[in-house]
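**Student:** for reference, the sequence and a predicted model appear below.
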Amino acid sequence: MTGPTVPTAERTPDRRAEFIDAADRLAERFAERAAAHDQHAGFPHENYIDLADAGLLRLSVPQELGGLGAGLGDVIAVLERLATGDGATALSVTMHISPLGQWGAVWRRTRSPRLAHLLREAAAGSLIWAAVTGEPGVRNDMTDARTVAEKVAGGYVLTGRKIFATNTAIATHFSTTARHNGADGGPRLLLCQVAMDQPGVRVHPTWNAMGMRATRSDDLELDAVFVPDEQVVHSLPVGHLDRRVLETVWAWAMPAFGAVYTGIAEGALAWTVRRVVHSGRAEDAVVQDVIGACRILLETSRAMLYRHVDEVENGRLLDQGVQSGLARCAMVKYVAANNAVEVLHRLVDVVGGPGYTRNLPFERMWRDVQAGPIMPMGNLAARRLVGADTLGVVTAPVS
């Protein structure tokens, strides 16, 4: 299968437009398949073939290593456009594109041979990633885990169970967290890289969610999985906020999630606008009020997203300190996710009864955006962190 191809020339002011054009064409194709994938909670494997053919699976890999060299702003623009067609596909591929972008940013600074090897594999199409850190009963803020890491000769043995393992239906490798209780100086949280085909890695088909059904965010079990020392990429004291985690995971993942939910809401708005214009209701004052409110909400989300990009690219996010930086990351995702929910809620007044039928895409979009406020950092955790930081309250030690 051959899809639209993104040029790989040096970055120019027009590169983002080229990326977006490719994403728009794919979004149209994904929208035609979305209902079937949603109905059966089936992973959209053919969409990944199209993404690979278009070059978008190597979007955030540095050009020097065979990728397209996209920055954070390019990534969130592409994810938003993909999500207008199918939010589940966009969210799934986020778990691949975002980690690659994080590593690419670190590689540009460190020239790490290990990162270069992983990124070249991704550019060649032999590596697809998933980020798997969620656990039952543990707040997913990258400060602790119930998965246990036992030190053995040459590495660690990991035992535990993860939830919301998005993209593991297609991933070749994943990153995960585990707690090493026997570390000198107290327990430490390990960030590890694991291959999906390693002995002891099992995916349990538990996914039966209201929305984002095609992400196949099943449970993932780690049953005495060996992780060599060189695959432990970072560690931090349990319960600490960490600068390196902030500049990689949080700085990239929060706007990426926000872009996906903004894209779903944009898709719903565009679908509603076409419907009301076709029915001759564009002059209706109530319709204009609703559509105007939704456009304002979406533009507010984009303003937050691209302010964040500017702060990351100019170093101002880290200059604010780890806790304040983390609070700003959480705020970006919070605003975008909740604005998306509000957009769908308001559009119901215009769409009316047809929005309740599965024969039309609106109800799937409505269900998909409900996942936004739940995803890390969840609404309550985000508000508490932002509030504490505003009040000058230190929430955790910084490492």
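**Tutor:** Cool, the structure landed. Numbering: from 1, shown residues only.
**Student:** going forward, measure contacts between C-alpha atoms and count neighbours the same way
**Tutor:** OK.
**Student:** low-confidence stretches in the stretch 51-200 of the chain?
**Tutor:** Applying pLDDT under 70 to the stretch 51-200 of the chain picks out no residues at all.
**Student:** ranges for the helices of the protein?
**Tutor:** For the chain, the helices defined by DSSP state H occupy 15-40, 45-54, 72-85, 87-110, 113-124, 243-245, 251-278, 285-313, 316-319, 322-351, 362-369, 379-391.
**Student:** just name the most buried of these.
**Tutor:** helix 72-85 (a mean of 27; mean count of other C-alpha atoms under 10 Å).
**Student:** related to what we said a few turns ago, which one of the helices of the chain lies closest to Pro199?
**Tutor:** Closest approach to Pro199 among the helices of the chain is made by helix 113-124 (20.7 Å; C-alpha to C-alpha).
**Student:** domain-wise, how is the protein divided?
**Tutor:** 15-127, 148-237, 243-391 (automatic domain parsing).
**Student:** adding distance to Pro397, write those domains out as JSON lines.
**Tutor:** Putting the domains of the chain into JSON lines (distance: least, C-alpha to C-alpha, whole Å) gives the following:
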{"stretch": "domain 15-127", "distance to Pro397": "24"}
{"stretch": "domain 148-237", "distance to Pro397": "9"}
{"stretch": "domain 243-391", "distance to Pro397": "9"}
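**Student:** of these, which is nearest Gly137?
**Tutor:** Short answer: domain 148-237, nearest of the domains of the chain by C-alpha to C-alpha, at 10.4 Å.
**Student:** how long is that closest one end to end?
**Tutor:** Start-to-end span of domain 148-237 (C-alpha to C-alpha, to the nearest Å) is 14 Å.
**Student:** contacting residues around the residue nearest to Leu385 when sequence neighbours are not counted?
**Tutor:** For Leu385, ignoring the flanking residues on the chain, the nearest one in space by C-alpha to C-alpha, 6 or more residues apart in numbering is Ala327 at 5.9 Å. Ala327 makes contact with 382, 385-386, 389, according to C-alpha atoms under 8 Å, 6 or more residues apart in numbering.
**Student:** just the pLDDT at Ala327, thanks.
**Tutor:** At Ala327, the model reports a pLDDT of 98.
**Student:** same check on the one 4 residues further on?
**Tutor:** You'll see Met331 listed with a pLDDT of 98.
**Student:** wait, it sits on Arg384?
**Tutor:** No: using C-alpha atoms under 8 Å, Met331 makes no contact with Arg384, being 10.7 Å away.
**Student:** coming back round to it: now the helices of the chain in a markdown table, with distance to Ser217?
**Tutor:** Conversion of the helices of the chain to a markdown table gives the following (distance: least, C-alpha to C-alpha, whole Å):
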| stretch | distance to Ser217 |
| --- | --- |
| helix 15-40 | 13 |
| helix 45-54 | 14 |
| helix 72-85 | 17 |
| helix 87-110 | 9 |
| helix 113-124 | 22 |
| helix 243-245 | 23 |
| helix 251-278 | 15 |
| helix 285-313 | 25 |
| helix 316-319 | 30 |
| helix 322-351 | 19 |
| helix 362-369 | 13 |
| helix 379-391 | 20 |
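**Student:** check the contacts of Ala327 and tell me the two furthest apart.
**Tutor:** Most distant of those, by C-alpha to C-alpha, are Ala382 and Asp389, 10.6 Å apart.
**Student:** need the contact partners of stretch 184-194.
**Tutor:** For stretch 184-194, using C-alpha under 8 Å, 6+ apart, the contacting residues are 143-145, 149, 173-181, 227, 231-238.
**Student:** for Val227, list the residues it contacts.
**Tutor:** By C-alpha under 8 Å, 6+ apart, Val227 lies in contact with 155-158, 192-194.
**Student:** in CSV: those residues, plus distance to Glu283.
**Tutor:** Below are the contacts of Val227 laid out as CSV (distance: C-alpha to C-alpha, whole Å):
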residue, distance to Glu283
Gly155, 67
Tyr156, 65
Val157, 65
Leu158, 61
Cys192, 56
Gln193, 56
Val194, 56
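**Student:** for Arg202, find the nearest of the helices of the chain.
**Tutor:** Across those, closest to Arg202 is helix 87-110 (C-alpha to C-alpha), at 18.5 Å.
**Student:** taking helix 285-313 as reference, get the angle to that closest one.
**Tutor:** 20 degrees (axes from the mean of the first three to the mean of the last three C-alpha atoms, to 10 degrees).
**Student:** which other helices and strands contact helix 87-110?
**Tutor:** helix 72-85, helix 113-124, strand 129-131, helix 251-278, helix 362-369 (3 or more C-alpha pairs under 8 Å, 6 or more residues apart in numbering; DSSP states H and E).
**Student:** now distance to Gly353 too, for the ones you listed, in CSV please.
**Tutor:** Output for the helices and strands packed on helix 87-110, formatted as CSV (distance: least, C-alpha to C-alpha, whole Å):
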stretch, distance to Gly353
helix 72-85, 22
helix 113-124, 45
strand 129-131, 38
helix 251-278, 13
helix 362-369, 10
